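**Student:** below: sequence and its predicted model.
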Protein chains: 2
Amino acid sequence: MLPIAIDVMSGDREPREYVAGALRALADDAELRATLVGDPQLISAALSSQPDAVRARTALAAASQVVTMEEKPREAIRHKKDSSMRVAVDLVHSGGACACVSAGNTGALTAIAHFVLKTLPGVERAAIISAIPSAHGHTHMLDLGANTKATPEQLRQFAAMGAIIARDVYAVAAPRIGLLNIGEEDMKGHEVVQTAHALLSSSGLNYVGFVEGDDIFSGDVDVVVTDGFTGNVALKTMEGVAGLIADRLRQEFQASFLDRVAGAIARPVLRRAAAGLDPRRYNGACMVGLTGIVVKSHGSADSVAFSRAIGTASLAARRGLTGHIAQALRAQEIGA
Amino acid sequence: MLPIAIDVMSGDREPREYVAGALRALADDAELRATLVGDPQLISAALSSQPDAVRARTALAAASQVVTMEEKPREAIRHKKDSSMRVAVDLVHSGGACACVSAGNTGALTAIAHFVLKTLPGVERAAIISAIPSAHGHTHMLDLGANTKATPEQLRQFAAMGAIIARDVYAVAAPRIGLLNIGEEDMKGHEVVQTAHALLSSSGLNYVGFVEGDDIFSGDVDVVVTDGFTGNVALKTMEGVAGLIADRLRQEFQASFLDRVAGAIARPVLRRAAAGLDPRRYNGACMVGLTGIVVKSHGSADSVAFSRAIGTASLAARRGLTGHIAQALRAQEIGA
């Protein structure tokens, strides 16, 4: 397999955190090869202390610029042609990498990925998809923020791509697709979801109808489709609620001596419950619908979370994500 | 204080659950007076077994129809003029009640409330607001689903009304207002939030800028403004995540004998943590911007949750919600 191009410069953290994440991913997976993209001095220094087995699977691609979190997408395309983000995406385009990963500015990454890689024929806009823990496994949700809105036809394309990913990358047989809305009845919602509902109902996809926010976690549906604005708000809301609950539990288990004792006894069980829901475990959202694989890591990902995003990229590449979608397009599974 | 009109017929549950909720609210608050609206036989039967102290504070308003959860808003207005929902709202309009509460169809309740009560001058559309637990108390969020979309000007009106409710009903001094978006930087989001951002920035309100989904819980902002589609999805997503975490904890504390022992020891602490976050405690969302008080209960509310919605209506009426907003309108706090 080709190496994965890893932008180690972009995101809310210091580059060393992302370098550490890359090294962790290399240690976790002996088959993985990586090209670290960014400041060559910084990367060389980090690699120099690594064992030969890791260094042998690691290359360096120099980039002199960094796309900031505030950068406007268009300006990133125009003025940051030697940024770590752009060089990483370019490597996918030139065939030097099978996928790329970045924790940087979502808007800029989406714009650069569309500009360099282009969408597959039949796909108007790429969408960001991620696996989200649910009652009986996972729900695959898209768009999580590649676009600020979506037309009904784009929502239909997202649904088709989501179904292919659930089936061909995550081995879900006949994935059930739901369209996110504020009620399950046919007449609920604004005209965009109404029109998309009609398109999906006659699409030949395994479409089960409207679903609501709590259905993301119910296990009753495998793919949840929405526009990037709503999807991103829902994703951040999940993180916020989970964080609030974790904080409350920590506070209550610290409230008195007896509570601390109870906390010590319950800790292994709490840890087990938390591990299954740890957002770091689910880090790494795929941008789908492009001619190559681009994975977006959470901007504030630590090294553990960032290594998971690299794992997501590796899984998508090994399972042939782009090829499956392109094939489905040719077979008119996606195109109208 | 005038009685609160309580629609005991509409919602996902049996009427007896809502009647039980009303009786619980009457038991909890000795000042409360209630008019139960619905099937007179059912209500009389339920009241007959009650102590005199409760019966003395309870009246009955007969309604021969029920608005179903599938009913289209327009049809509910046209064909359900003797429904429990309509009669309850009519009681507020005629001055027979200080507020009304219903667990029924949100779309129909919104439509009937607008049709019967009308919006206050200067308010284009009413919004649904609720208190949501956050790191340091509560965040007041609107619109949670009265409308499927909102114009920038409507978002500005929601912000102004949210601030008045936080200040005058919940005693938050100088509430900080945030506009929900998919990034905090000025250029993020679609044109509706962009235009609303500009309106809010020059509004004289205590507007702190864009916030993301996780900021609802951070305690860094007191009022979160969004359109009813996004707000409703976020609200249901919160419920879904909290339910998933509770289920995982229950499962893990049942996994083995030792886990069950740990669970028994940790139970009081877990209960305390859960109590502060119990969605039933936060049931009852106010529809604001109308000439009277309408409170929407969750459709699947049990008697405990329904009694809380009645409590919300009672608080809003006692604190003079409608008067505060009308006064602010006259003082041009809301009107542009």
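**Tutor:** Arrived safely, thanks for sending. Residues are numbered from 1 along each chain as shown, chains lettered A, B, ... in the order given.
**Student:** drop to CA atoms for contacts and neighbour counts, all remaining ones
**Tutor:** Will do.
**Student:** close to chain B, is the biggest helix by length in chain A?
**Tutor:** Of all the segments of type helix in chain A, defined by DSSP state H, the longest one is helix A:228-252. Yes. Counting by CA under 8 Å from any CA of the partner chain, contacts between helix A:228-252 and chain B involve A:229-230, A:232-242, A:244-245, A:248-249, A:252.
**Student:** gap between the closest residue to chain B within the stretch 1-150 of chain A and B:Lys188?
**Tutor:** Nearest residue of the stretch 1-150 of chain A to chain B (CA to the nearest CA) works out as A:Thr148 at 5.6 Å. Applying CA to CA, to the nearest Å, the value for A:Thr148 to B:Lys188 is 9 Å.
**Student:** do the same with A:Lys188
**Tutor:** 28 Å.
**Student:** and if you look at A:Lys80?
**Tutor:** Distance from A:Lys80 to B:Lys188, by CA to CA: 19 Å.
**Student:** and if you look at A:Ile177?
**Tutor:** Separation of A:Ile177 from B:Lys188 (CA to CA) stands at 29 Å.
**Student:** with neighbour numbers in mind, choose between the two.
**Tutor:** A:Ile177 (27 against 17; other CA atoms under 10 Å in any protein chain shown).
**Student:** pull the number of nearby residues for the residue nearest to A:Val87 when sequence neighbours are not counted.
**Tutor:** Counting by CA to CA, 6 or more residues apart in numbering or on different chains, A:Val87 lies nearest to A:Ala63, which is 6.7 Å off, once chain neighbours are set aside. Residue neighbour count, defined by other CA under 10 Å, stands at 22 for A:Ala63.
**Student:** run through the residues that contact A:Ala63.
**Tutor:** A:37-40, A:82-84, A:87 (CA atoms under 8 Å, 6 or more residues apart in numbering or on different chains).
**Student:** got a pLDDT number for it?
**Tutor:** The score at A:Ala63 is 97. That number is its pLDDT.
**Student:** ok so, going back, pretty sure the residue of the stretch 1-150 of chain A closest to chain B is touching B:Met187, no?
**Tutor:** No. A:Thr148 lies out of contact with B:Met187 (CA atoms under 8 Å); the separation is 11.7 Å.
**Student:** and the two? Which one has more around it.
**Tutor:** A:Thr148 (20 against 15).
**Student:** and the more buried one, what does it touch?
**Tutor:** A:Thr148 neighbours (CA under 8 Å, 6+ apart): A:227-229, B:189-190.
**Student:** top of the residues you listed by number of neighbours, please.
**Tutor:** A:Asp227 (26 neighbours).
**Student:** for the stretch 1-150 of chain A, which residues are neighbours of chain B?
**Tutor:** A:70, A:72, A:134-135, A:145, A:148-149.
**Student:** for these, work out which two are farthest apart.
**Tutor:** Maximum pairwise distance among those (CA to CA): 38.4 Å, between A:Lys72 and A:Ala135.
**Student:** quick one: the strands in the stretch 101-250 of chain A?
**Tutor:** Per DSSP state E, counting those that start in this stretch, the stretch 101-250 of chain A carries strands over the ranges A:127-134, A:137-142, A:177-180, A:207-211, A:223-225.
**Student:** single out the most deeply packed of those strands.
**Tutor:** Highest mean neighbour count among the strands of the stretch 101-250 of chain A (mean count of other CA atoms under 10 Å in any protein chain shown): strand A:223-225, with a mean of 30.
**Student:** check chain A and tell me which residue is nearest its centre.
**Tutor:** A:Ala285 (0.4 Å; CA atoms, centre = their mean).
**Student:** with adjacent residues omitted, what lies nearest to that one?
**Tutor:** Using CA to CA, 6+ apart, the nearest residue to A:Ala285 is A:Ser130, at 4.7 Å.
**Student:** quick check: bridge partners of that neighbour?
**Tutor:** A:Met141 (DSSP bridges).
**Student:** and it, what's its pLDDT?
**Tutor:** The model's pLDDT for A:Ser130 equals 94.
**Student:** is it true that A:Val192 touches A:Thr151?
**Tutor:** Yes. Assessed by CA under 8 Å, A:Val192 is found in contact with A:Thr151 at 6.5 Å.
**Student:** okay if I get the strands of the stretch 101-250 of chain A as TSV plus distance to A:Ile112?
**Tutor:** Listed next are the strands of the stretch 101-250 of chain A as TSV, based on distance: least, CA to CA, whole Å:
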stretch	distance to A:Ile112
strand A:127-134	14
strand A:137-142	19
strand A:177-180	28
strand A:207-211	32
strand A:223-225	24
